[in-house]
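K.L.:
Here is a sequence with its predicted model. Questions after.
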Amino acid sequence: MFSDLNFWQMILKGGITVIVLLGISIISWWIIIERAIRFSKIRIDTREFMDKIKKLLLKKDREGALSLCQLTPGPVSAVIREGLRCESKEKEKIENAMQRALNYESERMQRNLGVLGSIGNVSPFIGLFGTVLGIIRAFKDLALSSGGGPSVVANGIAEALIATAVGLFVAVPAVIAYNFFVRAIDNIETETLNAASEFIDILDEV
């Protein structure tokens with residue numbers, strides 16, 4: 001059935017559902033690549049960063065600490081920078097300011113992940129819809145044909161199988177990437193909260 005078809009002919013044989021899934025796949029991979037680049041840029045050695053902050057603050061070099069935060073990407077530096085800006089205030093106000101900064105950074109990290117998760121959840125159902133359409137087409141062709149046989153239902157069966165395969169092809173990477181990014185965000189948030197707590201302790205020392 002498929003031996004004389006190239007890739008694009010097989011895709012076209014899958015019908016409009018497969019075309020829609022390919023469009024969704026492009027969006028999915030754009031989000032995956034964009035988020036992967038973003039996360040690679042904001043990953044830092046939190047322990048090393050906090051050691052430098054502590055040394056600078058113990059030396060009373062507040063400007064140096066602020067400069068280090070500005071040169072360091074990611075949520076940890078953003079939260080500590082907010083804490084430095086409010087260090088002359090009460091401890092509760094410092095903690096509130098850092099929490100707001102963390103909330104903002106978390107929102108930035110989660111950007112487009114809702115779309116990626118939806119793609120992972122919905123794509124198999126779109127593929128299933130294409131499968132149903134293919135089976136309907138196969139039975140229609142069989143009904144219109146005067147004689148039965150595999151060749152009569154070949155196009156409908158091909159459409160059904162390709163739609164199923166493409167639906168899974170789109171969904172699996174999206175689900176894996178979504179789970180990976182969610183886990184990464186949880187880890188970064190935990191590191192940031194620990195850094196914020198350590199920063200409060202450092203302020204008590206200086």
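P.N.:
It's in.
K.L.:
name the element residue 36 belongs to?
P.N.:
For residue 36, the element it lies in under DSSP states H and E is helix 16-42.
K.L.:
And for residue 132?
P.N.:
Assignment of secondary structure by DSSP H and E places residue 132 within helix 113-144.
K.L.:
That helix - contacts with which helices or strands?
P.N.:
helix 16-42, helix 150-205 (3 or more CB pairs under 8 Å, 6 or more residues apart in numbering; DSSP states H and E). Using the backbone N, CA and C atoms, a C-beta is placed for each residue, glycine as well.
K.L.:
Which positions within it qualify as buried?
P.N.:
Of the residues in helix 113-144, those buried by neighbour count under the rule 16 or more other CB atoms under 10 Å are 113, 115-117, 119-120, 122-124, 126-127, 130-131, 133-134, 137-138, 141.
K.L.:
cool, and stretch 172-190?
P.N.:
173-175, 177-178, 181, 184-185, 188-189.
K.L.:
how about TSV for those residues, with distance to residue 37 added?
P.N.:
Rendered in TSV, the data for the buried residues of stretch 172-190 read as follows (distance: CB to CB, whole Å):
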residue	distance to residue 37
173	16
174	17
175	20
177	13
178	16
181	12
184	13
185	15
188	15
189	20
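K.L.:
Just name the closest of the residues you listed to residue 81, please.
P.N.:
residue 188 (15.8 Å; CB to CB).
K.L.:
can you tell me which residues contact residue 178?
P.N.:
With contacts defined as CB atoms under 8 Å, 6 or more residues apart in numbering, residue 178 is in contact with 113, 116-117, 120.
K.L.:
want to throw those residues into TSV with distance to residue 73?
P.N.:
Conversion of the contacts of residue 178 to TSV gives the following (distance: CB to CB, whole Å):
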residue	distance to residue 73
113	19
116	22
117	25
120	28
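K.L.:
Which of those residues sits closest to residue 100?
P.N.:
When the contacts of residue 178 are ranked by distance to residue 100 (CB to CB), residue 113 comes first, at 20.9 Å.
K.L.:
State the distance from residue 54 to residue 94.
P.N.:
Separation of residue 54 from residue 94 (CB to CB, to the nearest Å) stands at 16 Å.
K.L.:
Looking at those two, which has the bigger crowd around it?
P.N.:
Set residue 54 next to residue 94 and count neighbours by other CB atoms under 10 Å: residue 94 wins out with 21 against 17.
K.L.:
For that one, which non-adjacent residue is closest in space?
P.N.:
residue 86 (4.8 Å; CB to CB, 6 or more residues apart in numbering).
K.L.:
Help me confirm that the one you found comes into contact with residue 93.
P.N.:
Yes. At 6.0 Å, residue 86 counts as touching residue 93 under the criterion of CB atoms under 8 Å.
K.L.:
Look at the two and report which has more neighbours.
P.N.:
Neighbours of residue 86 and residue 93, each counted by other CB under 10 Å, are more numerous for residue 86; the result is 16 against 11.
K.L.:
Name all residues that make contact with the more buried one.
P.N.:
For residue 86, counting by CB under 8 Å, 6+ apart, the contacting residues are 93-94, 97-98.
K.L.:
Which pLDDT value goes with residue 92?
P.N.:
Note for residue 92: predicted pLDDT of 89.
K.L.:
CA atoms only: put stretch 60-74 into CSV for me.
P.N.:
This file holds the C-alpha atoms of stretch 60-74, laid out as CSV (Å, rounded to 0.1, in the frame of the first residue of the first chain):
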residue,chain,number,x,y,z
LYS,A,60,30.0,45.8,52.9
ASP,A,61,30.3,45.9,49.1
ARG,A,62,26.6,46.3,48.3
GLU,A,63,27.3,47.8,44.9
GLY,A,64,29.4,44.9,44.0
ALA,A,65,26.7,42.5,45.0
LEU,A,66,24.1,44.4,42.9
SER,A,67,26.5,44.4,40.0
LEU,A,68,27.0,40.6,40.3
CYS,A,69,23.2,40.1,40.3
GLN,A,70,22.8,42.2,37.2
LEU,A,71,25.5,40.2,35.4
THR,A,72,24.0,36.9,36.4
PRO,A,73,21.0,35.6,34.5
GLY,A,74,18.1,33.7,36.0
